[in-house]
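**Q** My questions concern the predicted model and sequence given below.
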Amino acid sequence: MPADERRRTGAAGEDAVAAWYAARGYEVLDRNWRVRDGEIDIVARGRDTLVFCEVKTRRGSLFGTPAEAVTARKQQRLRALARLWLAAHPARAPELRFDVASVTPAGTGEWVVDVLEAAF
């Protein structure tokens with residue numbers, strides 16, 4: 001798949017996940033927050049919870065499910081990035097959570113969003 005198409009697919013998946021959080025009453029605070037060490041796809045705040053979400057979008061299952069791409073190393077990196085995000089932002093919540101969102105095509109031009117809350 002060409003790089004432009006991968007970017008469009010990833011952006012569409014992130015849009016779908018941001019809408020998923022918004023529909024459940026979360027405020028999306030940041031998208032694609034980037035520092036030298038990496039990127040956090042979505043940061044959202046619920047009533048008492050600050051969520052850091054890794055979004056994985058796939059058009060097929062040739063390389064496994066989207067969530068399978070979030071390895072232990074990726075989890076460790078996301079935790080480190082969350083610490084950097086917290087140091088740079090005043091947003092606080094009593095609870096922090098790390099979610100993994102899997103996004104796949106529904107076959108109708110829409111996306112199926114499956115969010116594994118508190119994935120790690």
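**A** Noted; the coordinates are in hand. Numbers count the residues shown, from 1 in each chain.

**Q** Extract the residue ranges of the chain that are flagged as low pLDDT.
**A** Applying pLDDT under 70 to the chain picks out residues 1, 60-64.

**Q** From the contact counts, what lies against the longest strand belonging to the chain?
**A** Ordering each strand of the chain by length in residues (DSSP state E) puts strand 95-105 first. Contact analysis of strand 95-105 by 3 or more CB pairs under 8 Å, 6 or more residues apart in numbering; DSSP states H and E lists helix 3-23, strand 49-57, helix 72-88, strand 111-116 as its packing neighbours. From N, CA and C alone the C-beta is placed, and that goes for glycine too.

**Q** the inter-axis angle of that strand versus strand 111-116?
**A** Relative orientation of strand 95-105 versus strand 111-116 (axes from the mean of the first three to the mean of the last three CA atoms, to 10 degrees): 150 degrees.

**Q** Check the gap between residue 87 and residue 46 for me.
**A** 21 Å (CB to CB, to the nearest Å).
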